[in-house]
Structure formats: structure tokens, C-alpha cells
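Student: Make a model of this:
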Amino acid sequence: VQLVESGGGLVQAGGSLRLSCAASGSVFSTYVMAWFRQAPGKDREFVAAIRRVSGHTVYIDSVKGRFTISRDNAKITIYLDMNSLKPEDTAIYYCAADPEIVLGGERDQKEYDYWGQGTQVTVSS
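Tutor: The predicted structure is shown next:
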């Protein structure tokens, strides 16, 4: 499975960006897809996840109400719509996928078998 992220860039605080993650290969390996991010000098952290069949979503508290994760199953693609961006959202954003994660385990990066290369998001103040 190959995951390719796009849509990162530089935006002013309060602005918006849309990230995309397109998957190729086994559709069954992308049952759960997620976004993680890693800021400079910090550990990689969970941002949001979606189950492609049920549409069930999970978010980290700091992005609730600002970020929306969605999917296009025909394209095996997920999106992350980021609004009201803050400087602390600056990070490399990674897409991840896995064929099977128990409910409640979506936040654990160790659960994901497949990862993209990442896309940089920079929010200026």
C-alpha cells in the first residue's frame, strides 16, 4: 500500500488548508485511515482518524471544531479540512492506514502498518 499526501503549505493564522491522502494498492489495507503530525522537537501525535466503511471519526481535542476528516471511498482518499489554523498546528502531517484496528485504538500510531512521507503545514502568526 502506498500513501501519498498533498495539500500542505504556508498559511496565516486563522486561515484554512485541505490535506489529501491518496492510497494505492490493497483497498482492504486502508480500512482505518488517519492523520498524525509531528512538530519540530516534538513526538508525533494523533490528529484524526476515520473508518472508511462506517465513517466513524475520532479527533484529538485540540482540533475538534476546527478540523474535519472525510473520505472518498471511490478514490480511496481521505481529506483533512483544517480551519482556524493556529501557529501551534505547524507540523509535518502524515497519513497512516491499517486494515484492522479495534475501536478505540485509532489514536495509537503503533497500530498503523502503512505511512505516507508527510506534507509540511506552516502557520504564521
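
Student: could you pull out the helices for the protein?
Tutor: Using DSSP state H, no helices are found in the chain.

Student: Relative to its centre, which residue of this protein is most distant?
Tutor: Ser125 (22.7 Å; CA atoms, centre = their mean).

Student: Ser125 versus the residue positioned nearest the centre of the chain, what's the distance?
Tutor: Centroid check for the chain by CA atoms, centre = their mean gives Trp35 as the closest residue, at 1.9 Å. Going from Trp35 to Ser125 by CB to CB, to the nearest Å gives 23 Å. Where C-beta positions appear, they are placed from N, C-alpha and C, glycine not excepted.

Student: about what we covered before: could you check the distance from the residue farthest from the centre of the chain over to Asp89?
Tutor: Ser125 is 11 Å from Asp89, by CB to CB.

Student: Please apply the same query to Cys21.
Tutor: 17 Å.

Student: do the same with Lys75
Tutor: 25 Å.

Student: out of these two, which sits in the busier spot?
Tutor: Remark: of Lys75 and Asp89, Asp89 carries more neighbours, 22 against 10, as counted by other CB atoms under 10 Å.

Student: Go ahead and confirm the more buried one touches Thr122.
Tutor: No - if you go by CB atoms under 8 Å, Asp89 and Thr122 don't touch, sitting 9.1 Å apart.
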